[in-house]
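**Student:** Dropping the sequence and predicted coords here.
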Amino acid sequence: MTVDPAKWPEAETYFRFYGEGRYDNFNQIGYIDARDGIRESDDGERLYIGRPGVDGIEFLYRRGSPAIWAYYPIDGDFAWQADDIESFERAWRTGALKV
């Protein structure tokens with residue numbers, strides 16, 4: 001499924017600078033997906049952009065906010081991760097991100 005960037009102004013920075021994704025060599029995981037791997041939720045309220053590689057957790061934008069959230073599918077809960085994707089990437093790279 002192709003995601004229309006115009007429908008996601010919250011994710012403008014992702015589409016502009018992160019569309020090729022981000023890979024963590026040390027942990028051997030792509031934690032931010034390339035543009036062809038992202039998807040919208042069925043209701044159009046979430047844009048899934050990556051994963052930490054455990055328990056089916058996914059990173060996402062929620063409609064109306066540039067913040068990055070973790071979605072925990074087992075409980076159906078959301079947890080704030082960072083104010084924006086740049087802060088999210090810094091937190092991942094420095095080990096400050098906790099899921």
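**Tutor:** Yep, that arrived.
**Student:** would you put the C-alpha positions of stretch 65-83 in PDB?
**Tutor:** The C-alpha trace of stretch 65-83 is given here as PDB (Å, rounded to 0.1, in the frame of the first residue of the first chain):
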ATOM      1  CA  SER A  65       0.900  15.000  16.300                       C
ATOM      2  CA  PRO A  66       4.500  14.800  15.100                       C
ATOM      3  CA  ALA A  67       5.400  12.700  18.200                       C
ATOM      4  CA  ILE A  68       6.500   9.100  17.800                       C
ATOM      5  CA  TRP A  69       4.600   6.400  19.800                       C
ATOM      6  CA  ALA A  70       5.100   2.700  20.400                       C
ATOM      7  CA  TYR A  71       2.000   0.500  20.000                       C
ATOM      8  CA  TYR A  72       1.900  -2.600  22.100                       C
ATOM      9  CA  PRO A  73      -0.500  -5.000  20.300                       C
ATOM     10  CA  ILE A  74      -0.800  -7.500  23.200                       C
ATOM     11  CA  ASP A  75      -2.400  -4.900  25.400                       C
ATOM     12  CA  GLY A  76      -3.600  -2.400  22.800                       C
ATOM     13  CA  ASP A  77      -1.700   0.400  24.500                       C
ATOM     14  CA  PHE A  78       0.300   3.300  23.200                       C
ATOM     15  CA  ALA A  79       3.400   4.800  24.800                       C
ATOM     16  CA  TRP A  80       5.000   8.100  23.900                       C
ATOM     17  CA  GLN A  81       8.600   7.700  22.700                       C
ATOM     18  CA  ALA A  82       9.700  11.100  21.400                       C
ATOM     19  CA  ASP A  83       8.400  14.600  20.500                       C
END
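**Student:** Show residues contacting that stretch.
**Tutor:** Contacting residues not belonging to stretch 65-83 are listed as 10-11, 13, 46, 48-49, 52, 55-62, 84-85, 87-88, 90-91, 97, 99 [C-beta atoms under 8 Å, 6 or more residues apart in numbering]. Bear in mind the C-beta positions are built from the backbone N, C-alpha and C, glycine included.
**Student:** for the residue located most distally from the centre of the chain, helix, strand, or coil?
**Tutor:** Each residue of the chain has a distance to the centre, and by C-alpha atoms, centre = their mean the biggest one is for Phe26: 19.2 Å. Under DSSP: H, G, I helix; E, B strand; the rest coil, Phe26 falls in the coil class.
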